[in-house]
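Chemist: my questions concern the predicted model and sequence given below.
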Amino acid sequence: MEIKVLGTGCPKCKTLERLTREVVEKNSIDASVTKVEDIVEIMKYNIMSTPALVIDGKVVLKGRVPSEGELKELLTK
């Protein structure tokens, strides 16, 4: 699974990245997590607000930081 956290570096973006890495590690999810801060790259996903979470090329969350439980559910579908 390929997970991308889209965000320019704001506190919410950093929180989503940290939380994503924690959930992946705690649940032994086989995934690579990358942080995308390049605004041109972010715009390719057609989102208007960050942070956003992309799983295997599909935007699954945007504009907010989910709870740990919600994030786990998104990553284990």
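Modeler: On my side now, so go ahead. Numbering: from 1, shown residues only.

Chemist: can you get me a residue count around Tyr45?
Modeler: Around Tyr45 there are 16 other residues, counting by other Cβ atoms under 10 Å. Quick note: C-beta positions are derived from backbone N, CA and C, even for glycine.

Chemist: burial count for Val54?
Modeler: 20.

Chemist: so it is in which element?
Modeler: For Val54, the enclosing helix or strand under DSSP states H and E is strand 52-55.

Chemist: that strand pairs with which strands, and in what direction?
Modeler: In its sheet, strand 52-55 lies beside strand 2-6 (antiparallel), strand 58-62 (antiparallel), with partners assigned from DSSP bridges.

Chemist: buried residues of stretch 30-44, list them for me.
Modeler: Along stretch 30-44, these residues count as buried under the neighbour rule (16 or more other Cβ atoms under 10 Å): 31, 33, 35-36, 42.

Chemist: which residues does Glu17 contact?
Modeler: The neighbours of Glu17, taking Cβ atoms under 8 Å, 6 or more residues apart in numbering as the test, are 5, 7, 33, 35, 51.

Chemist: can you give me the helices in this protein?
Modeler: Taking DSSP state H as the criterion, the chain carries its helices at 11-26, 39-43, 68-75.

Chemist: picking that back up, and the buried residues of stretch 30-44, which is closest to Cys13?
Modeler: The shortest distance between Cys13 and any of those, using Cβ to Cβ, involves Lys35 and amounts to 7.8 Å.

Chemist: partners of the closest one in the sheet?
Modeler: When bridges are called by DSSP bridges, Lys35 pairs up with Val5.

Chemist: adjust the sequence numbering to begin at 41 for everything that follows.
Modeler: In the new numbering, first residue 41, that becomes Lys75.
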